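**Q** Just a sequence and a predicted model for now, questions to come.
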Amino acid sequence: MDKARVHLRIEGIVQGVFFRAFTREVAAGLGLTGWVRNTPDGRVEAVFEGEKPLIEKAIAECRKGPPAARVTDIDVEWEPYRGEFNGFEIRYY
């Protein structure tokens, strides 16, 4: 399997709706590493690393989001795999 990395910028009603905790649960369930954080402009930003098919599943879950979220757009930017994470964490500015 090919290792991959993706950088997501998620727009919509995504702050104050447990999106970061949801994303961490998705990553843990799929065995992905990386991080998620809120951004000052109201978006959620996330980086996933792992097997590409599993990352694609995580992206699909992020498009749905937790029940109170309303995702309007996701900017998906594939990047070279770096293998720099030991787990998946919620980051804070």
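**A** Looks like it came in fine. None of these values were measured; they are calculated from a predicted model. Numbering: from 1, shown residues only.
**Q** Could I get the CA-only coordinates of the helix or strand that contains residue 54 as CSV?
**A** Assigned by DSSP states H and E, residue 54 belongs to helix 52-64. The C-alpha coordinates for helix 52-64 follow below in CSV (Å, rounded to 0.1, in the frame of the first residue of the first chain):
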residue,chain,number,x,y,z
LYS,A,52,-4.1,6.4,0.8
PRO,A,53,-7.4,4.4,0.7
LEU,A,54,-7.9,5.0,4.4
ILE,A,55,-7.2,8.8,4.0
GLU,A,56,-9.8,8.8,1.3
LYS,A,57,-12.3,7.3,3.8
ALA,A,58,-11.3,10.0,6.3
ILE,A,59,-12.0,12.7,3.7
ALA,A,60,-15.4,11.2,3.0
GLU,A,61,-16.2,11.3,6.7
CYS,A,62,-15.0,14.9,7.0
ARG,A,63,-17.4,15.8,4.2
LYS,A,64,-20.3,14.6,6.4
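**Q** change the start of the numbering to 56 and stick with it
**A** All right, first residue 56 from here; so that's helix 107-119.
**Q** show me where this protein has strands.
**A** Using DSSP state E, the strands found in the chain span residues 58-68, 88-93, 99-106, 125-134, 143-145.
**Q** what's in contact with the longest one?
**A** The list of residues contacting strand 58-68 from outside it, by CB atoms under 8 Å, 6 or more residues apart in numbering, reads 74, 89, 94, 97-107, 110, 114, 117, 120, 123-138. The way it works is simple: take the backbone N, C-alpha and C, and place the C-beta from them, glycine included.
**Q** ok, the spatially most central residue of the chain - contacts?
**A** Computing the C-alpha centroid of the chain and ranking residues by CA atoms, centre = their mean puts residue 101 first, at 3.9 Å. Residues in contact with residue 101, defined by CB under 8 Å, 6+ apart, are 62, 63, 65, 78, 89, 90, 91, 92, 117.
**Q** Between those residues, which sits nearest residue 146?
**A** Proximity of the contacts of residue 101 to residue 146 was ranked by CB to CB; the top entry is residue 92 with 4.0 Å.
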